[in-house]
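Asks: sequence plus predicted model, see below.
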Amino acid sequence: MKTLFVMLLVMMLVGCSDPLILLPGGLLSGETRAAPVQWSDVPETIQVETRPSDPYSINIWGVGIGQNLYIATGSDGTTWTEFIDDNPNVRARLGTSIYELAATLVNDKAELEAVGETYVVKYDLDREDNWVSEAMVYRLDRRTEAQ
């Protein structure tokens, strides 16, 4: 009986389209809106959907700096960074709103330092041991018509 319950629970979790804690999800639901002029009110955790052909979504920390929204992962990347390499079009959900964006890997040192400092302040990270300083950082830009 316990095995059946566990199997049903796993099937229910897998069937959800939203990411669940550390488990990836699929297509994000919500109302599509234009990106705000300023990303001043970014929740602690946002959802980002990659791979439009077969949506793959994750929960992730994100920070806003002026008109730019950023996410980061370890220096070796992860599954979703490979999907972004193939297709930079992503969708981000903040609350119930969906924003259609394009991910760009950040290489500018000054921009990376600003993002790292924003993560330190927002998430109370140790400045001396700030993982973002070695991370792959993506800026989620507004899409252009060609994208």
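Replies: Great, that's in hand.
Asks: where are the low-confidence patches of this protein?
Replies: Along the chain, segments meeting pLDDT under 70 span 1-22, 145-147.
Asks: let's see 80
Replies: For the chain, the stretches with pLDDT under 80 are 1-24, 145-147.
Asks: strands of that one, start to end?
Replies: 31-33, 45-50, 56-65, 68-73, 89-94, 97-105, 136-142 (DSSP state E).
Asks: now the ones you listed in TSV, with mean neighbour count and distance to residue 80?
Replies: For glycine as for every other residue, the C-beta is placed from the backbone atoms N, C-alpha and C. Listed next are the strands of the chain as TSV, based on neighbours: other CB atoms under 10 Å; distance: least, CB to CB, whole Å:
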stretch	mean neighbour count	distance to residue 80
strand 31-33	10	20
strand 45-50	22	5
strand 56-65	20	6
strand 68-73	22	8
strand 89-94	22	9
strand 97-105	18	9
strand 136-142	20	10
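Asks: quick one: closest of those to residue 79.
Replies: Between residue 79 and those, the shortest separation by CB to CB is 7.1 Å, and it involves strand 56-65.
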